[in-house]
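Visitor: sequence? don't have it. structure:
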């Protein structure tokens, strides 16, 4: 037990948690925006995967990290728009469109990197600038706290800032009010003259941007290249975190942290003599529990309707 | 300033499938009046209002509001012109607060943020000015239907509407709330607002409206002064024949007791005791009306008797059998029929044909079979006969039920339930939201059933229906029997209201007899 505590009660462990939770937080915030706008977020996994591929590719093509991130964001927005066009305008079933998007992402990413990098597994052979980590002045010199909070990737800090920004937008601005009303009762919004489609597409653009950033972090921050299937369920875990956080940005932040802890634990405990297979189930156990909570919540909501 | 605030001239709208929704309809509304727009379901009232709001395009015609042509304007621009609508199904976002619903789409700003203080202040001022007291901070999902309607009114007034359209506003209100609404509408009128009041309740229209425009089958019948028109005249205009607003029926001849409910109690999913120790009897040849403000256990009472719920305490004795121990199928086989409260969710399957809905309770019947297999021919014959007997307006028995009007959909339910030849009929809101013609038809059928010596339990939120049809009346309040009147003629509408609202209550032993 003491070995266990020694492993996790270190600044290093907390630092890892923050790093690991970053893509989950992006995914969860993206799901939050989708949900508030009344659009299913099931396609998040595929959108993130494709963005994690376009990030390094654009970074390589423009030879700039910013170019890569912008490439990922634009990809995220376009894919979200595609999903929106298919489901909102062509009235396809959201779940089916999402599954199609996710399945397409697996194959498409491999096809594109083989075309660009000549390999099917990863983009390691491409020289693609990544998003740097930054030391925060003053904070970095504080013992423990500095070790934990300083030296993260710029995108990690951006994720945390965006949590606050989104909380402000959704609960204190007309834009947020309109997106929430369009998402919950589009007819009511339309009856006071709100252009429902316009706000649906704004929702998609914001959600796509966040998914794009999450994808970019994976291949331009977490590691420095794209490898196939690298999102590995983080999009879905983001959906679970969104549900666990009850749609509240700060709740979502905490839920993402919980998944971050579970993920980091799985890595750490493997170093000790816990059975690896069991440890690897931890994040997924938490996901199942969270999804159960989510489903329970949804069934209760549907009963009310 | 012109006398007329709104002139809709020769409006025609024909849908793609050839249905004529409006044909040369003209509507002129004077400044500062309450103008009733009346007609049966499907008469074209809703379409006309949708056209006014720009939700539907018209094929021809002209709309002038305050001298301004509204042609080609979008809904948002029309709202800006000063027209506002309170929809029958409220257009509110449930999870938002009252003030958020009011400012939606016209949010006051402070920098980038919503100016919350200004918004709350505006709602407060409006609610004081028009005597519409609501708490701006309350969540819409937590407030009553009556309050929700007030929020809708404030919403419209916040947008500076000079012309307010209310689509069947009293359908969801209690008699007391209705009175309150009427006071508010008169106050609005006094403040110079013009109101279009859509309704098919003649009494209400007579009470508060200045002029009445009646539509029938998409065409204009005429506009008249409310003061000069009698109720009989208005109903004649609406359905094109004399409607027996008062129901004539023979004096009741009660037979033996058929249904005896003893100490019935029921807790719903949220652990709320919705029925508390309910006792009553229904005899052959008796229509027992069950009155009450909606949500006081009447619906649950009907559902419990018909076997919808588990965990019900007490006894429901029907010819000696306890129905609580039986399945819905067995209950039906015993000779009980049921007209559900909500025809769309439990009465019919909207996506399938009329005949499929008609056979749904008798699919195992030998009458529909040749040898062991279902006979399309027999089903067709039966369906066509029922469509004829119950005057269901449709193309044929293969038409989708969802395509029918509310009244005809309800006739499908009634045809199925009545033709099962029940000894006991439980009719839960049998005429809700349907036109006068269908309403009268169903009433007559219920009385016929009574005269054949069947027992009828009639649950209705429409006091007029309870008073007109019932031989005896039981009032429910808070899940308990608040009053029982063996002879419905002994009790007035006003007195029933007192029992319904819990202001008066009889001892339990009275109701048991």
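Guide: Looks like it arrived, so ask away. Given the structure is predicted, the values throughout are model-derived calculations rather than measurements.
Visitor: what's the helix or strand for the closest residue to chain A within chain B?
Guide: Nearest to chain A in chain B, going by Cβ to the nearest Cβ, is residue B:76, at a distance of 2.9 Å. To be clear about C-beta, it is placed using only N, CA and C from the backbone, and glycine gets the same treatment. Assessed by DSSP states H and E, residue B:76 sits inside helix B:75-81.
Visitor: taking the mean pLDDT, what do you get for that helix?
Guide: For helix B:75-81, the per-residue pLDDT values average out at 89.
Visitor: touching that helix from outside, list them.
Guide: With Cβ atoms under 8 Å, 6 or more residues apart in numbering or on different chains as the test, helix B:75-81 has contacts from A:190-195, B:52-55, B:65-66, B:68, B:70, B:73, B:105, B:159, B:161.
Visitor: and those residues, which of them are buried?
Guide: Listed as buried from those are A:190-195, B:52-55, B:65-66, B:70, B:73, B:105, B:159, B:161; burial here means 16 or more other Cβ atoms under 10 Å in any protein chain shown.
Visitor: among those residues, which lie within helices?
Guide: Residues from those lying in helices, with DSSP state H as the criterion: A:190, A:191, B:52, B:53.
Visitor: redo those residues as TSV? Include distance to residue A:116 and pLDDT.
Guide: Formatted as TSV, those follow (distance: Cβ to Cβ, whole Å; pLDDT from 0 to 100):
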residue	distance to residue A:116	pLDDT
A:190	44	90
A:191	49	88
B:52	57	92
B:53	53	87
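Visitor: max pairwise distance over those: which two?
Guide: Using Cβ to Cβ, these reach their maximum pairwise distance at A:190 and B:52, which is 15.6 Å.
Visitor: next SSE downstream of the helix holding residue B:76?
Guide: strand B:83-86.
Visitor: list the strands paired with that following strand, with their directions.
Guide: Using DSSP bridges, the strands paired with strand B:83-86 are strand B:163-167 (parallel).
Visitor: which other helices and strands does the helix or strand that the partner strand is followed by contact?
Guide: On the C-terminal side of strand B:163-167, the closest following helix or strand by DSSP H and E is helix B:175-190. Applying 3 or more Cβ pairs under 8 Å, 6 or more residues apart in numbering or on different chains; DSSP states H and E, one finds that helix B:175-190 makes contact with strand B:34-38, helix B:145-158, strand B:194-199, helix B:202-208, helix B:493-500.
Visitor: one more time with 6 Å
Guide: Contact partners of helix B:175-190 among helices and strands, from 3 or more Cβ pairs under 6 Å, 6 or more residues apart in numbering or on different chains; DSSP states H and E: none.
Visitor: and the angle for that helix with strand B:163-167?
Guide: 160 degrees (axes from the mean of the first three to the mean of the last three Cα atoms, to 10 degrees).
Visitor: check the offset of helix B:175-190 from the chain's centre.
Guide: Taking Cα atoms, centre = their mean, to the nearest Å, the mean C-alpha location of helix B:175-190 is offset from the chain mean by 20 Å.
Visitor: go through it and flag the buried ones.
Guide: Quick answer for helix B:175-190 (16+ other Cβ under 10 Å): B:175, B:177, B:178, B:180, B:181, B:182, B:184, B:185, B:188, B:189.
Visitor: tabulate those residues (TSV), appending pLDDT.
Guide: Output for the buried residues of helix B:175-190, formatted as TSV (pLDDT from 0 to 100):
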residue	pLDDT
B:175	77
B:177	86
B:178	88
B:180	90
B:181	93
B:182	94
B:184	93
B:185	94
B:188	94
B:189	95
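Visitor: which stretches of the stretch 251-400 of chain B aren't confidently modelled?
Guide: B:270-271, B:294 (pLDDT under 70).
Visitor: what segments of it are strands?
Guide: B:257-267, B:273-283, B:287-291, B:313-318, B:321-322, B:336-339, B:369-370, B:373-374 (DSSP state E, counting those that start in this stretch).
Visitor: contacting residues for the closest residue to residue B:75 other than its chain neighbours?
Guide: Among residues not flanking residue B:75 along the chain, residue B:54 sits closest, at 4.8 Å (Cβ to Cβ, 6 or more residues apart in numbering or on different chains). Residue B:54 is in contact with B:73, B:74, B:75, B:78, counting by Cβ atoms under 6 Å, 6 or more residues apart in numbering or on different chains.
Visitor: need phi/psi at residue B:54.
Guide: phi 80, psi 10 (degrees, to the nearest 10).
Visitor: tell me the pLDDT of it.
Guide: 86.
Visitor: alright, that wraps it up for me.
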